[in-house]
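Peer 1: build me a model from this:
(2 chains)
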Amino acid sequence: MTGAIVVGYTATDAGADAAALGARLARSLDAAVHLVMVLPSEGTRSPIVPPERAYEDHLRTQARQWLSDAVEALPPQLTRSAHVRFAESFAEGLVAAGEEFGARLIVIGTAGGGIFGRHRLGSVATELLHSSTIPVALAPAGLSGEDDHVVPRVTVAVGTRPGAETLLDEAAAFAADASTDLRLVSLVPFDMPPGLDTGAIRLATGSHAHDVLARAAEMLPDGLGAVVEEAPGESVEDAVSNLSWLPGEIVLVGSSRLAQPRRLFLGSTAAKMLHELPVPMIVVPRTRAEAGAQ
Amino acid sequence: MSTTDSAVTTGVSQKGLSAGAVGVLGAVVIGVSTIAPAYTLTASLGPTVAEVGTQVPAIILVGFIPMLLTAFGYRELNRVIPDSGTSFTWGVRAFGPWIGWMTGWGLVAATVIVLSNLAGIAVEFLFLLISQVTGNASIADLAFNPFINVGVCLLFMLGATLVSYRDMQTTQKFQYILVGFQVLVLLVFAIAAIVRAVQGDAPDPTAFSWSWFNPFEVSSFSAFAAGLSLSIFIFWGWDVVLTMNEETKDPAKTPGRAAMVTVIVVVSLYLLLSIGLVMFAGVGTGALGLANEDISANVFFALSDPVLGPLAFLVSLAVLSSSAASLQSTAVGPARTLLAMGYYGALPKKFARVSPRFFTPGYATIVSAVVASAFYAVMRLVSENVLTDTILSLGMMICFYYGLTAFACVWYFRKQWFDSARSFFFTFLFPLVGGGILAVLFVTTLVDSMDPAYGSGSSIGGVGLVFVLGVTIIVVGVVIMIWNAIRRPAFFRGETLGMDAPPSLRRRR
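Peer 2: Residues are numbered from 1 along each chain as shown, chains lettered A, B, ... in the order given. Have a look, this model is predicted:
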């Protein structure tokens, strides 16, 4: 058993996607799954609606029902449990639950309405991606309808800035725990001054990406099979769409430099990637949180 | 099944409990928002003056008595049986499924009526506000075009439903500012009216007299009863402050103090405003007289301009924001009661459905909004004065279900009446007297409203519209109840929610 995975569950399509991804990752990583449903505490939503403990009790009963159905539907060989939590916001409750269970990962679904199979962030995901102390996995809409896979390969998108070590460590740990290959990808162009002509960008970023990947590959522990790949393109979106993916693959990205220490903040590159990715994405905080450590 | 059941844990996060707890100020804000003084007074002052003339202050004070007595009963029931179904659940526990069902029906009907009336008032003030801001008086008249009126009203209902369904968050600060603004504007409005009346700069300056506070100077018992049932409406919602227990920071002190502060704030506003407007506009039926049927259903609408001149738009803003806040806090009540009724099998199971995304009683919220909208649209076409008639029938429905709830308290605690002096007063005497007053009011209003001249003077088949409304609501309730009893007999056999009477605590010792 290597750690726990907390799934932010609701009895909706997005919740089913999250549960399916949580189960898939748990199977690959040999982790326990905790389905967590976070309910709004009475009296914290609208300040003029009188709070009523009885309604909270009713919600709790209903939530337990939903959770037992959902736990039932998970593959029986998994170590699975379900929990109801009350918090002011869904994201806050999930992070608290993640810390409580020492989770290495929080899994959530994304709002429907994006292009089929792609990500679109809902308010919960947005809040979580900007505050979580634990890596957050986003399940693309419709994932629960796909065939189930074990994770065949872990891809990590690397940049050069400080903080890449944590990301690489995390990716290496994922790959090792799931006994899969690791693929290092550098997306180009990165951080080019505006106005530079395309040829120059190609040249500059080509060599840049090369250096990045070489340095990253050096940092990986020995004995881990790692493939290195450059993804060229006119833009981040273009570069991502040129990559090929195995069914069930996951991709890890680092949190932005804007984040507070040990907290997530979805950077602009990651946000752009998200629009194009057909596979689940995991956003990793730049420095490791104590609770998130194995 | 049992293995997965035990896998589900329901930990209570310590954070959530304290975050949700309400302090005195928070509870007062909830109370004032729910009562919505700006809205209730503009809607009820006219009809009340039409019944009791200058004795409005007396009626306001007397009207608080049955409210207070009944609220004590509410508090006792809520302490022992906290349940989202409130009156419904308590009625069933005390009197069994049939009467309990009708109590719940009364609550739902009353709230549905008030929702439609609220939206109606909000529409009129929206147009008034636009016309005041743009300086184009003809815009205010658009509110009386039935099609525009119903259309905009439905939009309001749609907005309020969305807010309740999605459980949208508004910040505490914003609501505090709204409530503060409402209280302040009403104060300014009242003082300006008094000053103008004293200066003689008013349409019908009426000298103040302390005899306005004497309830025995009301002309007839019928007028007294009608006035009282209206003044119960103006305190309606106050009981939520008193019944919040565990939800508050200090259950022993917070609800009592908050209820006291709320009542002082609201009663002072009501007295000041009613005195001010009576002094300013008089109780006659002249152009601006409070008893004039053309303006009485929404007196602030007609009086804000003459009293405040260029600042009149503040009153429109206050009433609009007060109606909006009240739409939101009022819509929660019937939805939760319907949810409880669905949960116990007194209504189709669909009503118990909770939205899996927003955790609100989704189906029940939508049904009550649709019914309120349909009710308003039909009333707008049938009645000559939809607002007056809905307010009068509302007063009647409140008496109906509050009275039943008060009696439910008395009967439920029948084995504990003489346990202590406290239980004698709070579970027996107070709710019994409160319920008795409400029952008398209900019957008197029902009998009087048969007269076609009652209320706005609308009638159907020679019988007053208010009577037709009240009876129709109750008869429809009975029909739906019988239909449910055939389809879902389990609840009506007492299998899902049984009758009960807690045994005396003294005998056990």
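
Peer 1: grab the nearest non-local neighbour of the residue with the largest distance to the centre of chain A.
Peer 2: Most distant residue from the mean C-alpha position of chain A: A:Pro50, 36.8 Å away (CA atoms, centre = their mean). In space, and not counting its chain neighbours, A:Pro50 is closest to B:Val240: 4.3 Å by CB to CB, 6 or more residues apart in numbering or on different chains. Quick note: C-beta positions are derived from backbone N, CA and C, even for glycine.

Peer 1: avg pLDDT for the strand or helix carrying the one you found?
Peer 2: Assigned by DSSP states H and E, B:Val240 belongs to helix B:239-243. The predicted model assigns helix B:239-243 a mean pLDDT of 80.

Peer 1: could you report the distance from the residue nearest to A:Pro50 to B:Gly333?
Peer 2: Distance, B:Val240 to B:Gly333, using CB to CB, to the nearest Å: 9 Å.

Peer 1: comparing the two, which residue is more hemmed in?
Peer 2: B:Val240 (29 against 25; other CB atoms under 10 Å in any protein chain shown).

Peer 1: dump the residue contacts of the more buried one.
Peer 2: A:50, B:30-31, B:34 (CB atoms under 8 Å, 6 or more residues apart in numbering or on different chains).

Peer 1: likewise B:Ile65?
Peer 2: Contacts of B:Ile65 by CB under 8 Å, 6+ apart are B:434, B:437.

Peer 1: and the most centrally placed residue in chain A, how close does it get to A:Val154?
Peer 2: By CA atoms, centre = their mean, the mean C-alpha position of chain A lies nearest to A:Ala137, the distance being 1.9 Å. Remark: distance between A:Ala137 and A:Val154 (CB to CB) = 12 Å.

Peer 1: my guess is B:Cys409 contacts B:Leu77. True?
Peer 2: Yes. Applying CB atoms under 8 Å, one finds B:Cys409 in contact with B:Leu77, separated by 5.2 Å.

Peer 1: circling back: farthest-separated two in the contacts of B:Val240?
Peer 2: Pairwise distances across the contacts of B:Val240 peak at 8.5 Å for A:Pro50 and B:Gly31 (criterion: CB to CB).

Peer 1: common neighbours of those two, please.
Peer 2: In contact with both A:Pro50 and B:Gly31: B:240-241, using CB under 8 Å, 6+ apart.

Peer 1: where in the stretch 101-250 of chain A is pLDDT low?
Peer 2: Under the criterion pLDDT under 70, the flagged ranges of the stretch 101-250 of chain A are A:111-122, A:159-163, A:187-213, A:215, A:221-225.

Peer 1: in it, which spans are strands?
Peer 2: Here the stretch 101-250 of chain A has its strands, by DSSP state E, counting those that start in this stretch, at A:103-109, A:136-139, A:153-157, A:181-187, A:226-231, A:250-254.

Peer 1: relative to B:Leu314, which of those strands is closest?
Peer 2: Of the strands of the stretch 101-250 of chain A, nearest to B:Leu314 by CB to CB is strand A:103-109, at 45.5 Å.

Peer 1: sketch out the helices for the stretch 201-350 of chain B, chain order is fine.
Peer 2: Ranges of helices in the stretch 201-350 of chain B, per DSSP state H, counting those that start in this stretch, are B:221-235, B:239-243, B:254-281, B:299-308, B:313-343.

Peer 1: likewise chain A?
Peer 2: Counting by DSSP state H, chain A has helices at residues A:13-29, A:53-73, A:90-100, A:123-129, A:164-177, A:198-219, A:236-241, A:268-276.

Peer 1: need the ones you listed in JSON lines (columns: mean neighbour count and distance to chain B).
Peer 2: What follows is those, written out as JSON lines (neighbours: other CB atoms under 10 Å in any protein chain shown; distance: least, CB to the nearest CB, whole Å):
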{"stretch": "helix A:13-29", "mean neighbour count": "24", "distance to chain B": "7"}
{"stretch": "helix A:53-73", "mean neighbour count": "19", "distance to chain B": "4"}
{"stretch": "helix A:90-100", "mean neighbour count": "24", "distance to chain B": "6"}
{"stretch": "helix A:123-129", "mean neighbour count": "20", "distance to chain B": "10"}
{"stretch": "helix A:164-177", "mean neighbour count": "21", "distance to chain B": "24"}
{"stretch": "helix A:198-219", "mean neighbour count": "15", "distance to chain B": "39"}
{"stretch": "helix A:236-241", "mean neighbour count": "19", "distance to chain B": "29"}
{"stretch": "helix A:268-276", "mean neighbour count": "18", "distance to chain B": "21"}
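
Peer 1: many thanks, have a good one.
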